[in-house]
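[1] Okay, sequence plus prediction incoming.
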Amino acid sequence: MGFKIISDKDKNGNFIASSDAWTRDKIEELMDKFYPNRVKKREKKEKRVEKMEEGI
């Protein structure tokens, strides 16, 4: 097996690298869909950070 770059086509039919097609928001949405506990963990972390900032 060799190294293969995964690519997609844009609306004009030009090849683009997959890393260019996946925005941060798109990745976040996908991760939240497949790892629902991730959202809960992030919310808990945000609450802890807020409490720490209030204490400062």
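    On my side now, so go ahead.
[2] Give me the packing partners of the host helix or strand of E50, helices and strands only.
    Under the criterion of DSSP states H and E, E50 resides in helix 36-55. On a contact count with 3 or more C-beta pairs under 8 Å, 6 or more residues apart in numbering; DSSP states H and E, helix 36-55 meets helix 24-34. The C-beta positions use only the backbone N, C-alpha and C, and glycine is treated the same way.
[3] For R48, report the pLDDT, please.
    Per-residue pLDDT puts R48 at 92.
[4] Actually, W22.
    Confidence score, pLDDT, at W22: 73.
[5] ok, now how distant is it from E28?
    10 Å (C-beta to C-beta, to the nearest Å).
[6] would you put the C-alpha positions of the helix holding E50 in PDB?
    Extracted as PDB, the C-alpha positions of helix 36-55 are listed here (Å, rounded to 0.1, in the frame of the first residue of the first chain):
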ATOM      1  CA  PRO A  36     -22.500  13.100  22.200                       C
ATOM      2  CA  ASN A  37     -20.700  12.900  25.600                       C
ATOM      3  CA  ARG A  38     -18.100  15.300  24.100                       C
ATOM      4  CA  VAL A  39     -20.700  18.100  24.300                       C
ATOM      5  CA  LYS A  40     -21.500  17.400  28.000                       C
ATOM      6  CA  LYS A  41     -17.800  17.300  28.800                       C
ATOM      7  CA  ARG A  42     -17.200  20.600  27.100                       C
ATOM      8  CA  GLU A  43     -20.100  22.200  29.000                       C
ATOM      9  CA  LYS A  44     -18.700  20.900  32.300                       C
ATOM     10  CA  LYS A  45     -15.300  22.300  31.500                       C
ATOM     11  CA  GLU A  46     -16.700  25.700  30.600                       C
ATOM     12  CA  LYS A  47     -18.500  25.900  33.900                       C
ATOM     13  CA  ARG A  48     -15.300  25.000  35.800                       C
ATOM     14  CA  VAL A  49     -13.400  27.700  34.000                       C
ATOM     15  CA  GLU A  50     -16.200  30.200  34.700                       C
ATOM     16  CA  LYS A  51     -16.100  29.300  38.400                       C
ATOM     17  CA  MET A  52     -12.300  29.700  38.500                       C
ATOM     18  CA  GLU A  53     -12.400  33.100  36.800                       C
ATOM     19  CA  GLU A  54     -15.000  34.300  39.300                       C
ATOM     20  CA  GLY A  55     -12.700  33.300  42.100                       C
END
